[in-house]
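Undergrad: A predicted structure for the sequence below; I have some questions about it.
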Amino acid sequence: MTKLKLATKVILPLVLVSILTNLLVFIPPTQAQSQRRSGLIAKIKRFFLGTRSGGTPTGRHRGGAVRDRCPNVDQPLTALVPATDAGIPFVEPTISERPSFWFYVPYFPRSQRNAEFVLIDENEDDVYATTFPLTQPSGIVSLQLPQTIPPLKEGEQYRWVFSVICNPANRSADATVNGWIERVPVNLALSNQLQTATDKALLFVYADQGLWYETLTLLAQLQRTHPQQQELQDDWQDLLQTIGLPETISPSWTTYSLPN
């Protein structure tokens with residue numbers, strides 16, 4: 001056998017293997033983005049399914065229609081938290097000392113219309129309570145706890161209550177939502193991931209760990225800081241619709257820094 005024929009027999013299979021490997025490994029950018037979107041949204045939808053380890057204490061997901069004396073709206077006051085089909089919110093774990101709380105507020109600002117946020121510990125003591133004016137148009141809001149309040153204690157469950165006060169003379173007419181949160185410790189594996197993962201990778205880390213508040217807050221922040229990245233905009237819209245908000249609601253949001 002000549003050296004040319006021998007080289008051809010050796011090189012040709014290597015070339016074919018290289019081509020096949022590249023075909024198997026290469027994924028078009030649009031397909032990769034689609035897989036990322038479907039993967040993240042699938043993880044987010046798992047927050048709403050099955051029996052959760054934290055349980056489902058008695059509570060309400062949406063504002064009470066019977067007692068609500070606020071103006072009639074198409075979409076009621078809504079807490080942006082996973083809940084059962086019956087509207088009962090799950091106990092959501094968090095690793096944040098002072099997590100942000102998210103709501104959809106359907107009421108336009110008007111004179112003397114305030115909101116109230118209360119955080120209650122397991123002993124039914126108020127950890128934090130404040131009343132503040134609603135100054136922004138209706139839409140999605142984030143409530144940011146002040147740094148002056150003590151951090152949430154690990155292993156302890158807290159109940160939060162958010163109310164829109166439409167009739168100060170009759171607080172039973174408030175539109176109210178409430179839910180539960182529990183701060184959990186950070187294990188070594190998660191700690192290492194938090195130190196090394198990029199922001200986008202953190203979305204999957206948080207979702208895999210079942211950390212709703214962290215997943216929601218980070219996705220909202222990335223959606224705002226990267227408006228040119230359509231996949232983030234789509235993920236945010238899908239998350240809002242998974243919660244139950246209609247497509248007509250603006251995806252933009254406002255932060256209320258709660259007073260000390």
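TA: All right, it came through fine.

Undergrad: residue contacts, residue 77?
TA: If a contact means C-beta atoms under 8 Å, 6 or more residues apart in numbering, then residue 77 has 62-63, 70, 103-107, 162, 164, 175-177 as its contacts. All C-beta atoms are positioned from the backbone trio N, CA, C, and that covers glycine.

Undergrad: If we only consider these, which is nearest to residue 245?
TA: Nearest to residue 245 among those, counting by C-beta to C-beta, is residue 104 at 5.9 Å.

Undergrad: Share the number of residues neighbouring that closest one, please.
TA: 22 (other C-beta atoms under 10 Å).

Undergrad: Strand partners (parallel or antiparallel) of the strand or helix carrying it?
TA: Per DSSP states H and E: residue 104 is located in strand 101-105. According to DSSP bridges, strand 101-105 has the following sheet partners: strand 78-79 (antiparallel), strand 139-144 (antiparallel).

Undergrad: so what pLDDT did the nearest residue to residue 136 once chain neighbours are set aside get?
TA: Distances taken as C-beta to C-beta, 6 or more residues apart in numbering put residue 254 closest to residue 136, at 4.5 Å, once the chain neighbours are dropped. At residue 254, the model reports a pLDDT of 96.

Undergrad: Which element, helix or strand, includes residue 254?
TA: Per DSSP H and E: strand 253-257 holds residue 254.

Undergrad: returning to that earlier point: let me see the mean pLDDT of the following helix or strand past the strand holding residue 104.
TA: Using DSSP H and E, the next helix or strand after strand 101-105 towards the C-terminus is strand 114-120. Mean per-residue pLDDT for strand 114-120: 96.

Undergrad: give me the number of residues near the nearest residue to residue 167 once chain neighbours are set aside?
TA: Residue nearest to residue 167 in three dimensions, not counting chain neighbours: residue 173, with 4.4 Å by C-beta to C-beta, 6+ apart. Using other C-beta under 10 Å, residue 173 has 16 neighbouring residues.

Undergrad: My read is that the residue nearest to residue 136 contacts residue 139, right?
TA: Yes - counting by C-beta atoms under 8 Å, residue 254 touches residue 139, with 6.5 Å between them.

Undergrad: Settle it for me: which of those two has more neighbours?
TA: Taking other C-beta under 10 Å, residue 254 and residue 139 do not tie; residue 139 has more neighbours (16 against 13).

Undergrad: Specify the beta-bridge partners of the more buried one.
TA: Beta-bridge pairing for residue 139 (DSSP bridges): residue 105.

Undergrad: Give me the distance between it and residue 218.
TA: Distance of residue 139 to residue 218, computed by C-beta to C-beta, to the nearest Å: 20 Å.

Undergrad: same check, this time on residue 242
TA: Noted for residue 242: a distance of 16 Å to residue 218, by C-beta to C-beta.

Undergrad: Looking at those two, which is more packed in?
TA: In this view residue 242 and residue 218 are compared by other C-beta under 10 Å, and residue 218 has more residues nearby, 18 against 14.
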